[in-house]
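K.L.:
Provided below are the primary sequence and the corresponding predicted coordinates.
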Amino acid sequence: MGSFKIRTDLALEARENAEEEAESLSGVSVEEVYHEDSEVRITKVSITSKNSARALGKPMGTYITLEAPAMTQQDENYHQEISGELSMQLRGIIPELEKESSILVVGLGNRDVTADALGPNVVDNLTVTRHMVKEFGKAAYGKERMHVTSALIPGVMAKTGMESAEIIKGVVEKTKPDAVIVIDALAARSIRRLNRTVQISDAGIHPGSGVGNNRNVITRESLGVPVIAIGVPTVVDAATIVNDAFAKLSGGEGREWMRMQDFPEGFSELYNMYVTGKDVDYEIKQISHIICDAIEGALDMQA
């Protein structure tokens, strides 16, 4: 059978998996900062050429990854620190936030599948303002300047019969937001990044790509407005876990083992299985609050 191939939605991991090739590509730059006070590592991967995009398997754009190992712990103060870091990064990547804008927040995923329910959970907690401002003006919130927010949970095609991208495009054409923020669950190649990592990107999103369930893209080109994607890896490919185990048993690194050998016979069924943590239900709820607070903080013109 063919060689084993890593599946990941994280540009940081794609860059790690192709590190040697990426170093020789002029279209990839990496910046890394570690904040000791909040224990958050922020890595910015910029993909600026078509060749580097092909090499990494990611569209051109900016990908900011926040790694917070303690994000799943029950510490409200620490969650506020992570939310603050995330909010600051969002302010830097959402265009023209100095002007009053209309922002559509979209929660992708299936709320009936816990590991895929991040997007709907974030939107459930979000304070939307568009309807109030349209009815009563900004005075309803006691503000002279503010961003207007609306929200959408498009569901999944198995329930609606429509692509999420089709639903979102229809809403965008009708309500004409200045930007769209899309939240989705992602797939990672590393267990240690499950529910402990947040990726922000201005390259839009390809729903289901990490789990081999490709859907129509949601990007600036497809919608006609800037699209900011926020994602958290909630699942890992089972085949990746087995691959890493074999690599450790053989005394080599995972990438080296994959390059030298084909995936073992008899394990092919693992390639369509995904693993998540046993506490994923609690962690999804917790992370959804962190992301919701970060979005609202980023869009607060008084902050």
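P.N.:
Received the coordinates, thanks.

K.L.:
hey, where'd the strands end up in the stretch 201-303 of the chain?
P.N.:
Counting by DSSP state E, counting those that start in this stretch, the stretch 201-303 of the chain has these strands, from start to end: 227-237, 274-275.

K.L.:
weakest of those strands by average pLDDT?
P.N.:
Ranked by mean pLDDT, these end with strand 274-275 in last place, scoring a mean of 86.

K.L.:
Show me what that one is packed against.
P.N.:
strand 227-237, helix 238-249 (3 or more Cβ pairs under 8 Å, 6 or more residues apart in numbering; DSSP states H and E). Placement of C-beta: from N, CA and C, glycine included.

K.L.:
Present the strands of the stretch 201-303 of the chain as JSON lines; the columns should include mean neighbour count and distance to residue 198.
P.N.:
Below are the strands of the stretch 201-303 of the chain laid out as JSON lines (neighbours: other Cβ atoms under 10 Å; distance: least, Cβ to Cβ, whole Å):
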{"stretch": "strand 227-237", "mean neighbour count": "26", "distance to residue 198": "6"}
{"stretch": "strand 274-275", "mean neighbour count": "16", "distance to residue 198": "19"}
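
K.L.:
need those strands in TSV with distance to residue 96, can you?
P.N.:
Shown next, in TSV, are those (distance: least, Cβ to Cβ, whole Å):
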stretch	distance to residue 96
strand 227-237	12
strand 274-275	38
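
K.L.:
so which of the ones you listed comes closest to residue 155?
P.N.:
strand 227-237 (17.9 Å; Cβ to Cβ).

K.L.:
now for the closest one, which elements pack on it?
P.N.:
helix 76-93, strand 179-188, strand 197-201, strand 274-275, helix 280-298.

K.L.:
Please identify the pairing partners of the shortest one and their relative orientation?
P.N.:
Applying DSSP bridges to the sheet, strand 274-275 is found paired with strand 227-237 (antiparallel).

K.L.:
of all the strands of the stretch 201-303 of the chain, which lies closest to residue 138?
P.N.:
Closest approach to residue 138 among the strands of the stretch 201-303 of the chain is made by strand 227-237 (23.5 Å; Cβ to Cβ).

K.L.:
Now do the same contact list for the residue positioned nearest the centre of the chain.
P.N.:
Centroid-nearest residue in the chain, with Cα atoms, centre = their mean: residue 231, separated by 1.5 Å. Residues near residue 231 by Cβ atoms under 8 Å, 6 or more residues apart in numbering: 9, 183-186, 198-199, 201, 205.

K.L.:
From the chain's centroid, how far away is stretch 47-55?
P.N.:
20 Å (Cα atoms, centre = their mean, to the nearest Å).

K.L.:
Format the CA atom coordinates belonging to it as CSV.
P.N.:
Provided in CSV are the C-alpha atoms of stretch 47-55 (Å, rounded to 0.1, in the frame of the first residue of the first chain):
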residue,chain,number,x,y,z
ILE,A,47,3.2,31.4,3.7
THR,A,48,3.8,33.9,0.9
SER,A,49,4.5,31.8,-2.2
LYS,A,50,2.6,29.2,-4.2
ASN,A,51,5.5,26.8,-4.0
SER,A,52,5.7,26.9,-0.3
ALA,A,53,1.9,26.6,-0.1
ARG,A,54,2.1,23.4,-2.1
ALA,A,55,5.0,22.1,-0.1
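
K.L.:
For that stretch, buried residues please.
P.N.:
Within stretch 47-55, the residues that count as buried by 16 or more other Cβ atoms under 10 Å are 47, 52-53, 55.

K.L.:
Any regions of the stretch 201-303 of the chain where pLDDT drops low?
P.N.:
Counting by pLDDT under 70, the stretch 201-303 of the chain shows low-confidence ranges at 207-215, 247, 250-271, 303.

K.L.:
Many thanks, we can stop here.
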